[in-house]
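Undergrad: coordinates for the following, if possible.
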Amino acid sequence: MEYKYQIIFLGTTDNYIKRIRSVLFEKIRELKLLENAFKVITEENYSAEYKGNQPGYVLYFGDKNGSFKNVDLLQQLLLDGTIILPIYSDSFTNEIPELLSNQNGLKYSVNEDEKIVSLVLESFGKLRATRKVFISYKRNESSSVALQLYEALERKNFDVFLDTHSIKQGEPFQEELWHRMSDCDVVVLLNTPNFLESRWCKEEIAEASAKLIGVVQLVWPKHKPERFAEISFPVQMEIENFDYWDEDKTYLSRLKDDFIDDLVCIVESVRARNLASRQDSLITDFLNVGRKFGRNLNLQPERFITEEISSDKINIYIPSVGIPQSMDCHLSEELTKASSNYAKASVHLIYDDLRIRNRWLNHLHWLNDQLRIKTIGKKEFELCLKV
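TA: Numbering: from 1, shown residues only. Purely as a prediction, here's the structure:
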């Protein structure tokens, strides 16, 4: 494949490049992407390998002594419009060159490796740019912890759904809740002793399983994990993970900060795995319906589906996790142009329309009349593919 996604490591990289590169290619494998579609570029191979007409993402590591490396390369990259993420240890002002003073930097810690890799893959359109998390909990048992998690994940740039904070007054509560869950990447479930006594909590887990949404299950101390989610990652908690509890150690009201930091890393990791699972499910369902009706559908290495209609016409179907947006339509067209040799193509986004609100489905149908790229919900697969 001539078209490459360029991950460029510049600056004082000695202590970082091996670790971040390892996490990057682990995520690429989880997402079932083509490893040879990604090229790692450093100062050593920059002049021979870098191509200004192909997408790139720069990780620029600052220097504590103010010895700024590769400033000349940064100037070229900025002119090319390449995204540059400055990464520093203690002080942005002291460690990052003036040339990048307007860039939004990231303070580095080992816990940020997952976040850095996610930013790279989001930039290339390989992970959703939205970072949506749904918190499921029983109010009378874990409201304070749910709010603490909400605030911690928001600080890490997640778009977090918490029922007491995320539904506007006047909206149909349950309908909006299911809609928002349909568009989330991960459910964080607070599995307290009486969690399953709540009808709504049980329905939220059933919904997550039906849509193959990854669940990070936080299991309360002395309580056992439940086997109720299709894709579940249990985290057994201990009393020592909490800062505050009552005399009987039954009401646990606040998690320790270091445990919260670890949890955010787990959510970041599960997000990529969940995306791969949901894409697989969409692809499998679409291919099965197509084969039922004798359609000649082929899964491409880039993870989209093609169908040759004639010598000069081809249909392309791209799986879209969550609720499609107009920006998804634009990005899909650009990515298809870049990663295929098809001059003429009809492009479609396929998605799971289970529990999406009718007003949004009507909006997607309206977009179909306005845009060249069309969307096809799972309930419409048979209608669209029937010969």
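
Undergrad: and the pLDDT for the residue nearest to F68 when sequence neighbours are not counted?
TA: Nearest residue to F68 in three dimensions, chain neighbours excluded: P97, at 4.2 Å (CB to CB, 6 or more residues apart in numbering). Using the backbone N, CA and C atoms, a C-beta is placed for each residue, glycine as well. P97 carries a pLDDT score of 94 in this model.

Undergrad: domain ranges for this structure?
TA: Domain assignment for the chain by automatic domain parsing gives 5-123, 132-274, 293-385.

Undergrad: which one is V71 nearest to, not counting chain neighbours?
TA: Spatial nearest neighbour of V71, excluding adjacent residues (CB to CB, 6+ apart): P97 at 5.5 Å.

Undergrad: kindly report the same for L147.
TA: Nearest non-adjacent residue to L147, counting by CB to CB, 6+ apart: L162, 7.1 Å away.

Undergrad: measure that neighbour to N102 for me?
TA: According to CB to CB, to the nearest Å, L162 stands 33 Å off from N102.

Undergrad: what does E203 give?
TA: For E203, the distance to N102 - CB to CB - is 47 Å.

Undergrad: comparing those two, which shows the higher neighbour count?
TA: Ranked by neighbour count (other CB atoms under 10 Å), E203 and N102 place E203 first, with 14 against 7.

Undergrad: and that one, which helix or strand is it part of?
TA: Per DSSP states H and E, E203 falls inside helix 199-210.

Undergrad: residues making contact with the helix or strand following that helix?
TA: Next in sequence after helix 199-210, counting helices and strands by DSSP H and E, comes strand 214-219. With contacts defined as CB atoms under 8 Å, 6 or more residues apart in numbering, strand 214-219 is touched by 185-191, 205, 208, 225-226, 229, 231-237, 263, 266-267, 270-271, 273-274, 277.

Undergrad: I'd like to know which of those are part of strands.
TA: Under the assignment DSSP state E, the contacts of strand 214-219 contribute 186-191, 232-236 to strands.

Undergrad: for the chain, which segments count as helices?
TA: 17-30, 46-49, 71-79, 92-95, 113-123, 139-155, 163-166, 173-182, 199-210, 257-292, 326-339, 358-370, 381-385 (DSSP state H).

Undergrad: hmm, back to that, in TSV: the ones in strands among the contacts of strand 214-219, plus distance to D257.
TA: Shown next, in TSV, are the ones in strands among the contacts of strand 214-219 (distance: CB to CB, whole Å):
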residue	distance to D257
V186	21
V187	23
V188	17
L189	21
L190	18
N191	21
S232	25
F233	21
P234	22
V235	16
Q236	19
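
Undergrad: filter these to the buried ones?
TA: Buried residues within those, counting neighbours by 16 or more other CB atoms under 10 Å: 186-191, 232-235.

Undergrad: wait, which of these is closest to K18?
TA: K18 lies nearest to F233 out of these, by CB to CB, at 26.3 Å.

Undergrad: contact partners for that closest one?
TA: 214-217, 266, 270.

Undergrad: can you check N111 too?
TA: 261-262, 264-265.

Undergrad: E35 too?
TA: By CB under 8 Å, 6+ apart, the residues touching E35 are 25, 28-29.

Undergrad: can you pull the pLDDT of it?
TA: pLDDT recorded at E35 is 88.

Undergrad: quick check: it vs F25, distance?
TA: Distance from E35 to F25, by CB to CB: 6 Å.

Undergrad: kindly report the same for L252.
TA: Using CB to CB, we find L252 at a distance of 38 Å from F25.

Undergrad: how about K222?
TA: K222 sits 39 Å away from F25, going by CB to CB.

Undergrad: ok, these two, which is more surrounded?
TA: Neighbours were counted for K222 and for F25 using other CB under 10 Å; F25 has more, 16 against 12.
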